[in-house]
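Undergrad: model the following, please.
(one chain, ligands or ions: 1)
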Amino acid sequence: MGTVTAERLLRAWESTLAEQTVRRAAALLAVCRDEDTTEVARWGVAERDAALFDLRGELFGTQATALAECPDCGGQLEVPLDLRALRPRPSGAPTDAVSIDGYRVRAHPPSTEDLLAASLGADEEAALEALLARCVEQVLTPAGEELALAAVPARVGHRIRAHLSSSLEDVDLDLALTCVRCGSTFHAPFDIATFLLREVEVWAHRLLAEVHVLAGAYGWAEGAILGLSARRRRSYLDLIEGVT
Ligand SMILES: [Zn+2]
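TA: Residues are numbered from 1 along each chain as shown. Prediction:
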């Protein structure tokens, strides 16, 4: 399982249970990568999601199967995914300064913290405004004078919004699917945070069940069982179940 041990992943899963999904993904990353949660929550979301894709690859491999429901016939689809192709490629620039109609706009890519703060009790329009206020750090006029965001001409403001929205598109993954039953085509969103958290949830429950059986059969301590490789745990479980 790479550098993330079963014990660490189990600890990460347990310590993030009470958090909401967006913050939970950041917390999971932080524990697995030995980083500070507050710091990870400040990463741009594209950077965060790229790290989540990497973590998933390390834990469970780069191939995955997503489940989707056809909106027309209700059929369940198993969608094979190559996660390497879906992983966002963040530019790596911590703060982008862009020129819009001669205005110099300095903004940082939206982070987990920005998204959480901006979406609190807001509709979509208000959330984008709040996000803008958090992410835009400085606007300079063509003459080089600093300008408050509210004083920016409407056409420039519009393009700043478009610039910010495009930085979120990197992480807004959309799968184009065709139903094998009725042939209908449709789109389904794919969110690596939700996907990985669900997988870790299933993994954790299965691991705890294994610990339960092995501890009962051999009297080993939890730490010792978690220290075994997945293959060894499986072999002992097979012996207990009488499978050779
Ligand atoms: Zn269908």
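
Undergrad: what residue is smack in the middle of this protein?
TA: The C-alpha lying nearest the average C-alpha coordinate of the chain belongs to Ala193 (CA atoms, centre = their mean; 2.9 Å).

Undergrad: now do the phi/psi pair for it.
TA: Dihedral angles of Ala193 (phi, psi; degrees, to the nearest 10) stand at phi -60, psi -50.

Undergrad: residues contacting it?
TA: Thr21, Val22, Arg24, Ala25, Asp49, Leu52 (CB atoms under 8 Å, 6 or more residues apart in numbering). All C-beta atoms are positioned from the backbone trio N, CA, C, and that covers glycine.

Undergrad: can you pull the pLDDT of the fifth one?
TA: The reference is to Asp49. Asp49 carries a pLDDT value of 94.

Undergrad: sec struct for it, please.
TA: Classification of Asp49 by DSSP: H, G, I helix; E, B strand; the rest coil places it in helix.

Undergrad: can you give me the neighbour number for it?
TA: Asp49 sits with 24 neighbouring residues when counted by other CB atoms under 10 Å.

Undergrad: same question for the second one.
TA: By the measure other CB under 10 Å, the count of residues near Val22 is 19.

Undergrad: buried residues, the helix or strand hosting it. List them.
TA: Assigned by DSSP states H and E, Val22 falls within helix 21-33. Buried residues in helix 21-33, counted by 16 or more other CB atoms under 10 Å: Val22, Arg23, Arg24, Ala25, Ala26, Ala27, Leu28, Leu29, Ala30, Val31, Cys32, Arg33.

Undergrad: from those residues, pick the one nearest Thr112.
TA: The closest of those to Thr112 turns out to be Ala26 (CB to CB; 4.9 Å).

Undergrad: distance of that closest one from the ion?
TA: Plainly put, Ala26 is 36 Å away from the ion if you go by CB to the ion, to the nearest Å.

Undergrad: let's number from 27 now, not from 1
TA: Sounds good: first residue 27 from here, last item Ala52.

Undergrad: that residue touches Leu81, doesn't it?
TA: No: judged on CB atoms under 8 Å, Ala52 makes no contact with Leu81 at a distance of 11.7 Å.

Undergrad: so the residue of the chain most remote from its centre, which of the three states?
TA: Relative to the mean C-alpha coordinate of the chain, counting by CA atoms, centre = their mean, the farthest residue is Ala169 (40.7 Å). Three-state assignment for Ala169 (three-state DSSP): coil.

Undergrad: also Asp200?
TA: strand.

Undergrad: count of neighbours near it?
TA: 10.

Undergrad: quick one, what contacts it?
TA: Taking CB under 8 Å, 6+ apart as the test, what Asp200 contacts is His213, Ala214, Pro215, Phe216.

Undergrad: filter those residues down to the buried ones and hand me the ChimeraX line.
TA: Of those, the buried ones go into a single ChimeraX selection, burial set by 16+ other CB under 10 Å:
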select :214,216
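
Undergrad: in the one helix or strand Glu151 maps to, what's buried?
TA: In this structure, Glu151 sits in helix 150-161 according to DSSP H and E. Neighbour counts over helix 150-161 (16+ other CB under 10 Å) mark Ala153, Leu154, Ala156, Leu157, Leu158, Arg160, Cys161 as buried.

Undergrad: return it as CSV; C-alpha atoms alone will do.
TA: Extracted C-alpha coordinates of helix 150-161, given in CSV (Å, rounded to 0.1, in the frame of the first residue of the first chain):
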residue,chain,number,x,y,z
GLU,A,150,-25.1,30.4,-6.6
GLU,A,151,-24.8,34.1,-7.6
ALA,A,152,-24.0,35.2,-4.1
ALA,A,153,-21.5,32.4,-3.7
LEU,A,154,-19.6,33.4,-6.8
GLU,A,155,-19.5,37.0,-5.5
ALA,A,156,-18.2,35.9,-2.2
LEU,A,157,-15.6,33.6,-3.9
LEU,A,158,-14.5,36.6,-6.0
ALA,A,159,-14.1,38.8,-2.9
ARG,A,160,-11.9,36.1,-1.3
CYS,A,161,-9.8,35.1,-4.3
